[in-house]
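Chemist: quick check, what structure comes out for this input:
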Amino acid sequence: MKVLQKYKIPTPCPSNHASNLLELDNGDLLCTWFGGSMEGTPDISIYLSRFDHSCGTWLDAVKMSDDPTRSEQNPALFRHPSGELWLLWTAQVKTDQGTAVVRIRRSLDEGASWSPATELFSEPGTFIRHAPVVNPSGALLLPIWYSNIRNAFGDDPSLVKVSQDGGRSWETIAVPESCGCVHMDILENCRVAFFRRRPADFVFRSVSEDGGLSWSAPEPTTLPNNNSSVQARELKDGRIALIYNEIRAAGRPGESAVPPWIKDQEEFLAQCEVTESSAVWGVPRNPLVISTSTDLGQSWKRETVIESDPDLRSAHDEKGAFVGDYSYPSIIQTSDGRVQISYSYLRDYIQHETLAV
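Modeler: The predicted model follows:
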């Protein structure tokens, strides 16, 4: 794969993270992310920008949520089988992900206007990262996990919300033996899913033989993972393309049980019990790499390195927590056959790149 174009998506925020991409019917792109002063603060809101492909420009970002009592995070864009667009995200009290609920706005006009925000799932601790998919029988599958600070996020389990009626009602299906496997990313074929791993060891993989209504226990792939998000898509030539940070935990001095966005380390540790199974944070989030697979993720070919400079640091990064941080990527293939990616660039802004397959 070869990078053809690079774009810096405009943002009014000093900290920007967790982007997701969607192609519109006219060839424009939408990108959503969360932004504000810092993850976990109540000024964190959801933003949305449109790429006008006719002039090759990202338009100014629009704030899509504004709850002054909660940190609103991890937005995802989805085209419902009806053609309606969904924007989903989480909303939590400060840094306590165990208080998170899932909210939604809908658009009937390709994102020109949106309905007011409502709660889709109100059970505290419900978290999302990736959009729903539609299985062969028409059911909606939305991967979630339950976030809990008790074990410093080390025992978060993955589940799948399933709707047989277009999203009016949902049942919950557990992914067996999935504690520590989060950010479940179900491919549109509903045969395979990939996970971020809290112990920062490998990308994990699960398979389904019934259209995503049940899943095997997640198992490690050969790809490393640093307890940071990954995303995969099936390309038109049948290959799976996965974008991820090609690094795992190695006992470095900066690796710890405390997430990098936590301002008060003592307060965080007072809320949880750190054990051997607790999440590992502080592993560098570089390099950012794309690899492909022709066998549903059993083996991989490294295609290209997107970012690899370990020393770049944002002027906004007072603590030095995000040096060389290129993370939380999104990847899609658009109707013109090109691959589009977005990712957090030092958390300064969201970077968008177009690649030739």
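Chemist: what's near enough to touch residue 321?
Modeler: Shown in contact with residue 321 (Cβ atoms under 8 Å, 6 or more residues apart in numbering): 260, 261. No exception for glycine: its C-beta is placed from N, CA and C like everyone else's.
Chemist: count the neighbours of residue 268 for me.
Modeler: A count of neighbours around residue 268, defined by other Cβ atoms under 10 Å, yields 18.
Chemist: can you give me phi and psi for it?
Modeler: Listed backbone geometry of residue 268 is phi -60, psi -50, with angles given as degrees, to the nearest 10.
Chemist: right, and it touches residue 260 too?
Modeler: No - between residue 268 and residue 260 no contact is recorded; they are 11.3 Å apart, counting by Cβ atoms under 8 Å.
Chemist: have a look at this protein and report its longest strand.
Modeler: Counting by DSSP state E, the longest strand found in the chain is strand 96-107.
Chemist: quick check: neighbours of it in the sheet, parallel or antiparallel?
Modeler: In the sheet containing strand 96-107, its partner strands are strand 85-93 (antiparallel), strand 118-121 (antiparallel), by DSSP bridges.
Chemist: surely residue 266 is in a helix?
Modeler: Yes - with DSSP: H, G, I helix; E, B strand; the rest coil as the criterion, residue 266 is assigned to a helix.
Chemist: give me the pLDDT for it.
Modeler: Turning to residue 266, the model gives it a pLDDT of 86.
Chemist: that one - how many residues pack around it?
Modeler: By other Cβ under 10 Å, the burial measure for residue 266, its neighbour count, is 8.
Chemist: distance-wise, check it relative to residue 295.
Modeler: Distance of residue 266 to residue 295, computed by Cβ to Cβ, to the nearest Å: 47 Å.
Chemist: just residue 110 next, same as before
Modeler: To residue 295, residue 110 is 36 Å away according to Cβ to Cβ.
Chemist: again, but for residue 91
Modeler: Going from residue 91 to residue 295 by Cβ to Cβ gives 39 Å.
Chemist: run through the bridge partners of residue 49.
Modeler: Taking DSSP bridges, one obtains residue 31 as the residues bridged to residue 49.
Chemist: run a quick neighbour tally on it.
Modeler: 20.
Chemist: begin at 790 from now on, thanks
Modeler: Will do, 790 is the new start, and the previous item becomes residue 838.
Chemist: that one is in contact with residue 798, isn't it?
Modeler: Yes - assessed by Cβ under 8 Å, residue 838 is found in contact with residue 798 at 5.4 Å.
Chemist: any common contacting residues for these two?
Modeler: A shared contact of residue 838 and residue 798, defined by Cβ under 8 Å, 6+ apart, is any residue touching both; here these are 820, 847, 850.
Chemist: hey, where'd the strands end up in the stretch 990-1139 of the chain?
Modeler: Listed in chain order, the strands of the stretch 990-1139 of the chain (DSSP state E, counting those that start in this stretch) span residues 991-996, 1008-1013, 1020-1023, 1029-1034, 1077-1082, 1090-1096, 1115-1122, 1128-1134, 1138-1145.
Chemist: turn the ones you listed into JSON lines, columns for mean neighbour count.
Modeler: Output for the strands of the stretch 990-1139 of the chain, formatted as JSON lines (neighbours: other Cβ atoms under 10 Å):
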{"stretch": "strand 991-996", "mean neighbour count": "22"}
{"stretch": "strand 1008-1013", "mean neighbour count": "18"}
{"stretch": "strand 1020-1023", "mean neighbour count": "22"}
{"stretch": "strand 1029-1034", "mean neighbour count": "25"}
{"stretch": "strand 1077-1082", "mean neighbour count": "23"}
{"stretch": "strand 1090-1096", "mean neighbour count": "16"}
{"stretch": "strand 1115-1122", "mean neighbour count": "24"}
{"stretch": "strand 1128-1134", "mean neighbour count": "25"}
{"stretch": "strand 1138-1145", "mean neighbour count": "20"}
